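Novice: Return atomic coordinates for the entry below.
(2 chains)
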There are 2 protein chains.
Amino acid sequence: MANDKKFVKAITSREEDFAQWYTDVVREAELCDYSSVKGCLNYLPNGYAIWENIRADLDKRFKETGVENVYLPMLIPENLLQKEADHVEGFAPEVAWVTHGGMERLQERFCIRPTSETLFCELWSRTVQSYRDLPKVWNQWNSVLRWEKTTRPFLRSREFLWQEGHTIHATYEEAEERTLLMWRVYRDFISESLAIPYVAGRKTESEKFAGAQDTYTVEALMHDGKALQSATSHFFGKAFPDAFDIKYLDKDNELKSVYETSWGLSTRIIGAIIMVHGDDSGLVLPPRIAPKQVRVIPVAQHKEGVLEKAEELLAAVQAAGIRADIDDSEKSPGWKFSEQEMLGIPARIEIGPKDIEKKQVVVVRRDTREKIVFSMEEVAEKLGDLLETIQKDMYDRAKAFLDSHIDEAVTMDEMKEKFKENRGFIKAMWCGDEKCEDEIKTETGGAGSRCLIEDEDAISDTCIYCGKKAKYKVFWGKSY
Amino acid sequence: MANDKKFVKAITSREEDFAQWYTDVVREAELCDYSSVKGCLNYLPNGYAIWENIRADLDKRFKETGVENVYLPMLIPENLLQKEADHVEGFAPEVAWVTHGGMERLQERFCIRPTSETLFCELWSRTVQSYRDLPKVWNQWNSVLRWEKTTRPFLRSREFLWQEGHTIHATYEEAEERTLLMWRVYRDFISESLAIPYVAGRKTESEKFAGAQDTYTVEALMHDGKALQSATSHFFGKAFPDAFDIKYLDKDNELKSVYETSWGLSTRIIGAIIMVHGDDSGLVLPPRIAPKQVRVIPVAQHKEGVLEKAEELLAAVQAAGIRADIDDSEKSPGWKFSEQEMLGIPARIEIGPKDIEKKQVVVVRRDTREKIVFSMEEVAEKLGDLLETIQKDMYDRAKAFLDSHIDEAVTMDEMKEKFKENRGFIKAMWCGDEKCEDEIKTETGGAGSRCLIEDEDAISDTCIYCGKKAKYKVFWGKSY
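Specialist: The predicted structure follows:
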C-alpha cells in the first residue's frame, strides 16, 4: 500500500535556496524528523528503509573480505577513553556523560561511545595472546553519540547510525593492506550502489582521525558545489594498540605489537544521496538501494477492470524480483505522480483504460521523466534492465557534474575567484605547513584540504599560499 | 576458515552443575564475554552471528504483516519518561542518567532508553492528526539499558539487544488483533525457527509490563526445569497514548483516542537456545538459525588428494545453498570434532583417504551423534533434507521434554513436593488475589505465575493457596 498522505506540498527550488530545498525534501519525503531530544533524529520508515538497504549491501561486501560482526557496549569508562592522548583530546569535549545508575551516583563516569576504538582495544588486550589469535577483522552496526552544537538532518546530529570496523594484525603491511582494502570497498559501494562519483585520497595531518597515523577518505560532491566526506578508513600503526598493551607471542616466541585499523560509514551518506541526485520535485533514489524501485499507479481506477489489471501487473513485477508497490488510494493520478516523485521511486507504471485496451503501459523514469511504452506482456521482464540503465545514467550524470567542477589554481587570487563561484574541488600545491592550510581555508571562505593527490604531476613547484617549496598536491573544497 | 583455537577445554556436565555448564558453554563457544563495563557484554562473532540470523528471520516475518522499521533516539528526557505513572514507576529505578554533554551540565537529565514507548508516543503526538495517519505499525532493532544488579550472559545484562515493536490504531479491536498477531508471530518463530516448544498465555496483573493493560507471553522450558520468558506482546488500550495526548480526527469529524501495542524479543532468546538444546559437549544449534550449518573436516589431510577433495566437497555443499565451512587447520581430527561439537554446528562431514577410495563420506549429526554414510555424489543434494530432519527432531525432543514436565496440583503440599523435583510447569487454580500469588511463590521456593490458561477445564473450584473460589487456571514455574 502506498503512503496515504493527503497532498504534496511544494518545495523550495535548489537554485533559490539549496539548504531550504534540502530541509524541504527531508520533511516532505518523510525521511526523518527532529525528536524531543535536541539534536537527535527520529529515522522514519522512508529514511530508515534506505539505511537498511545500504546496510545489507555494504555488509555483504564486508563479509566477502572476511569481516565478522560483533556488538560492544554503548558505554565507555572514563579511564578507558583517556588511555590514548590524541584520541581523548579529539573526543572528550563532545561526549555525553552518564553519572547515575538507577538511584545511585556512579563511582566512575561512563561516556556514551563517540566511537569504539577503546572498547575493542580493551577486549583484545585481554583475549589476544598468540599469533594464532590474529588477525581480528571485526565490525559493528550501531549508533554513536557526539554532543554537537549545530545539527542538520543526516549531515550532523548528536546520535547517528553507522558501522565501525576495527581490525588488528600481526604486521604493519597486513594492517596497511586492510586499511586500503576497506577504502576500496567503500569506493566501489559508493560508486556502484549509490551511483555517486568521488575523489579520494589521504587526509592531511590536521584533518585525520584523532589518534590515527593515516586517514583515507572518499569525498563526494554535492549539487551546490560542496564536498561531503562519505567514508573514511584509518591506519593506526602500533601506537594506539600499544597504549592498551595488546601484545602477542609470535612463532619465534617473542612478544610483539599489533597493528590496527578502523573504518566507518554513517547515515551522513543519505544526505549525499539526497544532494547528489535530488531535484526540484524531490528525492531521486538509485535503484539498487531504493526501498521501492517501481510504483504502479492506476489511472481512472474507478473504471471496471483497471484496479484488477494494475494488481495483476504489480504481482508480475514483484515476481520478477523487483521491489514494487501500488498506489490505489483515492487521490488523483496527479497527486500520486507527485508523491512518487517526491519519494524518489526510480520508475512508475501508469495504467489506465486506454492502456488496457492497447495491451500496453507507460513507464516514466524518475531521473529523466522520459516516458517509455511497453507492451503489457514484456514490462515485468524489461523493468530490470531499465532500472540498471537508470542506475548507470544517474552515475554518468553525477560524474559529468563532478568532472566539470574540478579545476586547478596556481595563485591565491585565482583560487579565491574560483571558490566565489562555488567551483567544487580546486587542485593546488601546498608546502605541508598547517598554518598555510588554515590560511587558505580562511581566505577562500572555508575551502579546506579535502585530501592529498598522490599520483599526478605537479601543477607548480611552490605552495599556493606561502610560495615555499611545495610538497603536496591537494584537493581543496568547501564541505559539509 | 574454521576457528583456530588450540584446544577445547572440558566443560562441566549439565547434571553436575547446570549454571556452571551454561557459563562454560558461553565461554568455550566464544559467544560473548564480560566487558570492562560492569554488567555489559561484548557479543563476539559466534554469538552475534546467531543474533543476526534470528534478526533476519524474525524481521521477514514482521514485514510480511506490514511492519515498518524505524530508529528513535537512545536518550529520553526525564519529563517524557514521567508522563505515564505506572511506566515511570516500573522503569525509573533502573535507568542510567546522562547529566553532562561535552563540558556542560545539562539543564534536564536524559535517561538511556530502557524501552521506547515514551519516545514513540511523543513522536506520534506531534505527527498523527487524521484517521488517514493510522495505523502506525513500527519496529526498531536496537539496544536498551537497565541498571540491573545481578547479571548473567544473555539472560540478564545491563545493556542488551532486542527489537521493540510499537503500534497505534484507530480502534480497540484492531489494536487487540495486532497484539495477538505479534504474539502468534513470536510463537511461530520460536517453534519453527528455534525448534523450541512453549506454553503461552496472558500474564497476571503483577507480572504484566509497566503501563500495559494486558501482556501476552511465550514461556519456554530450560533443561533444568526453569522457565524463560522468551517474548512478550503488550496491549496498552488508550490510557498510555492518552497520557501523551495522541488524538486523531476521525471521518465523522470527532477527535478520538488511539489504541496502542508494543512487543519485543531480546538476546535472552540465545540463552534459551543454549539451555533447551545444549548438551555436555556444548552448543547444539537449530539448523535454521545456525551461522554455519555444516563443517567439512578432512581426516589425514596430509595425504595426497584429501584436502583437494574436501575443498571440492565444500564448494558443492555451499553451491547447494548450505552455510558451510572447512576446518583445514593443523589440529588432529579429534580436536576438530570437539570444536565443531562445542560450537553446535548441526552436522559435520568427515572425509579421509578411505572415504575417497569408496567415493563416500561420513556425515555426523550434532544432535544425535548418528553417523550416516552418503555417496560423494549425493551428499550435497541430500544435506538440505538432513538439516530439516535435524530441525524437526530437535523440536520433537524438546516438546517431549516439555510435555513430560507439565503437571498439575490441587493442594499446596502436592505443589511444593513437585517443585522440589524441579518439575517444570505446574498447573493449579488461583483466586486472582496478588497476596496468594506472592505466597505461592514464597512457599514453593520461587515458582511464580508464568501465565494464565484460558481454554481448559478447571482442575478444582478453589484457589490452591487460600481455598476461596478460583478465578483462573495458571501455569506456575520457577524462572530465569
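Novice: Okay, strands next: where are they in the stretch 151-300 of chain A?
Specialist: Along the stretch 151-300 of chain A, counting by DSSP state E, counting those that start in this stretch, strands occupy A:159-169, A:199-202, A:214-221, A:227-237, A:247-249, A:255-257, A:259-266, A:294-298.
Novice: now the fifth one: mean pLDDT?
Specialist: Spelled out, it's strand A:247-249. Across strand A:247-249, pLDDT averages out at 98.
Novice: Now do the domain split for chain A, please.
Specialist: If you go by automatic domain parsing, the domain ranges for chain A are A:18-277, A:294-387, A:406-477.
Novice: wait, which of the ones you listed is closest to B:Gln20?
Specialist: Each of the domains of chain A was scored for nearness to B:Gln20 using C-beta to C-beta, and the closest is domain A:18-277 (21.0 Å). C-beta here means a position set from N, CA and C on the backbone, and glycine is covered the same way.
Novice: what residues does the stretch 101-250 of chain A put near chain B?
Specialist: Taking C-beta under 8 Å from any C-beta of the partner chain as the criterion, the stretch 101-250 of chain A approaches chain B at residues A:101-103, A:110, A:112, A:119, A:122-123, A:127, A:130, A:132-133, A:138, A:142-143, A:145, A:147, A:159, A:161.
Novice: Now A:Val137: which helix or strand?
Specialist: In the assignment (DSSP states H and E), A:Val137 maps to strand A:136-145.
Novice: Can you redo the strands of the stretch 151-300 of chain A as a markdown table, where the extra columns are mean neighbour count?
Specialist: Shown next, in a markdown table, are the strands of the stretch 151-300 of chain A (neighbours: other C-beta atoms under 10 Å in any protein chain shown):
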| stretch | mean neighbour count |
| --- | --- |
| strand A:159-169 | 23 |
| strand A:199-202 | 20 |
| strand A:214-221 | 24 |
| strand A:227-237 | 25 |
| strand A:247-249 | 17 |
| strand A:255-257 | 14 |
| strand A:259-266 | 26 |
| strand A:294-298 | 27 |
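Novice: could you measure the closest residue to chain B within the stretch 151-300 of chain A against A:Ile426, distance?
Specialist: Closest to chain B within the stretch 151-300 of chain A is A:Glu159: 5.5 Å, counting by C-beta to the nearest C-beta. Going from A:Glu159 to A:Ile426 by C-beta to C-beta, to the nearest Å gives 34 Å.
Novice: Contacts for the longest helix seen in chain A next, please.
Specialist: In chain A, with assignment by DSSP state H, the single longest helix is helix A:379-403. Here helix A:379-403 makes contact (C-beta atoms under 8 Å, 6 or more residues apart in numbering or on different chains) with A:191, A:195-199, A:221, A:223, A:276-277, A:284, A:286-288, A:293-294, A:313, A:316-317, A:319-322, A:346-347, A:349, A:361, A:363, A:365-368, A:372, A:374, A:424.
Novice: Can you say which of these are buried?
Specialist: Buried by 16 or more other C-beta atoms under 10 Å in any protein chain shown: A:191, A:195-199, A:221, A:223, A:276-277, A:284, A:286-288, A:293-294, A:313, A:316-317, A:322, A:346-347, A:349, A:361, A:363, A:365-367, A:374, A:424, out of these.
Novice: in the stretch 351-480 of chain A, which spans are strands?
Specialist: With DSSP E, counting those that start in this stretch, the ranges of strands along the stretch 351-480 of chain A come out as A:360-365, A:371-375, A:406-408, A:425-430, A:448-453, A:472-477.
Novice: Turn those into TSV, columns for mean pLDDT.
Specialist: Shown next, in TSV, are these (pLDDT from 0 to 100):
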stretch	mean pLDDT
strand A:360-365	97
strand A:371-375	96
strand A:406-408	95
strand A:425-430	97
strand A:448-453	97
strand A:472-477	97
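Novice: Which of these sits closest to chain B?
Specialist: strand A:448-453 (22.8 Å).
Novice: strands paired with that closest one, and their directions?
Specialist: Its sheet considered, strand A:448-453 pairs with strand A:472-477 (antiparallel) by DSSP bridges.
Novice: by how many degrees do the partner strand and strand A:214-221 diverge?
Specialist: Angle, strand A:472-477 to strand A:214-221, by axes from the mean of the first three to the mean of the last three C-alpha atoms, to 10 degrees: 40 degrees.
Novice: Hmm, A:Gly237 and A:Glu260 touching each other?
Specialist: Yes. With contact defined as C-beta atoms under 8 Å, A:Glu260 counts as touching A:Gly237 (7.4 Å).
Novice: what sits in contact with each of the two?
Specialist: Common neighbours of A:Glu260 and A:Gly237 (C-beta under 8 Å, 6+ apart) are A:Ala175.
Novice: Just the buried positions in the least confident helix or strand in chain A by mean pLDDT, please.
Specialist: One helix or strand of chain A scores below all others by mean pLDDT, DSSP states H and E: helix A:85-91, with a mean of 83. Neighbour counts over helix A:85-91 (16+ other C-beta under 10 Å) mark A:His87, A:Val88, A:Gly90, A:Phe91 as buried.
Novice: do the same with stretch A:44-53
Specialist: Within stretch A:44-53, the residues that count as buried by 16+ other C-beta under 10 Å are A:Leu44, A:Pro45, A:Asn46, A:Gly47, A:Tyr48, A:Ala49, A:Ile50, A:Trp51, A:Glu52, A:Asn53.
Novice: try stretch A:132-151
Specialist: Of all the residues in stretch A:132-151, those buried under the rule 16+ other C-beta under 10 Å are A:133-148, A:151.
Novice: closest to A:Pro77 among the buried residues of stretch A:44-53?
Specialist: The closest of these to A:Pro77 turns out to be A:Trp51 (C-beta to C-beta; 29.7 Å).
Novice: what about that closest one, distance to chain B?
Specialist: Look at A:Trp51 and chain B: by C-beta to the nearest C-beta, to the nearest Å, they are 8 Å apart.
Novice: Distance of that residue relative to A:Gln140?
Specialist: A:Trp51 is 15 Å from A:Gln140, by C-beta to C-beta.
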